[in-house]
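Participant: dropping the sequence and predicted coords here.
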Amino acid sequence: MDPSFLSLSSSLKFLTEHKFDFNKWIYKGVPYLSKAQEDALLEQLDAKQMRNEQARDNVALSGPDKEFIEQIAYVNLN
C-alpha cells in the first residue's frame with residue numbers, strides 16, 4: 001500500500017518562496033522520532049523545566065521586587 005501525499009498549492013508556494021529544498025526532502029526524507037525517542041526527549045525536557053523552575057524559585061528578591069512579583073503572580077492567577 002502506497003501512502004498518499006496531499007498539499008495545498010499555497011503551502012508549496014510558501015515553501016518555494018522561503019527557499020525550501022524539495023530535492024533534499026524527496027531524496028533524504030523527513031526526519032522523525034520513534035515513540036521511544038520522543039518519550040525520552042519529553043522526559044529530558046520535563047526534567048530541565050523542573051530544574052529551571054527550582055532555580056527561579058531560589059532567586060533572592062529585595063522587598064520592593066518581591067512585592068511586585070507577588071502582585072503580578074496574584075493578578076495572573078485571578
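Facilitator: Yes, it's here.
Participant: for the chain, give me the ranges with low pLDDT.
Facilitator: 1-3, 30-31, 74-78 (pLDDT under 70).
Participant: now the helices for it?
Facilitator: For the chain, the helices defined by DSSP state H cover 9-17, 22-28, 35-57, 63-77.
Participant: just give me the neighbour total for residue 20.
Facilitator: If you count neighbours by other CB atoms under 10 Å, residue 20 ends up with 13. C-betas here are computed from N, CA, C, even on glycine.
Participant: spatially central residue in the chain, please.
Facilitator: For the chain, residue 45 is the residue whose C-alpha lies nearest the centre (CA atoms, centre = their mean; 9.8 Å).
Participant: for that one, give its distance to residue 9.
Facilitator: 36 Å (CB to CB, to the nearest Å).
Participant: next: residue 29.
Facilitator: Counting by CB to CB - residue 29 and residue 9 are separated by 22 Å.
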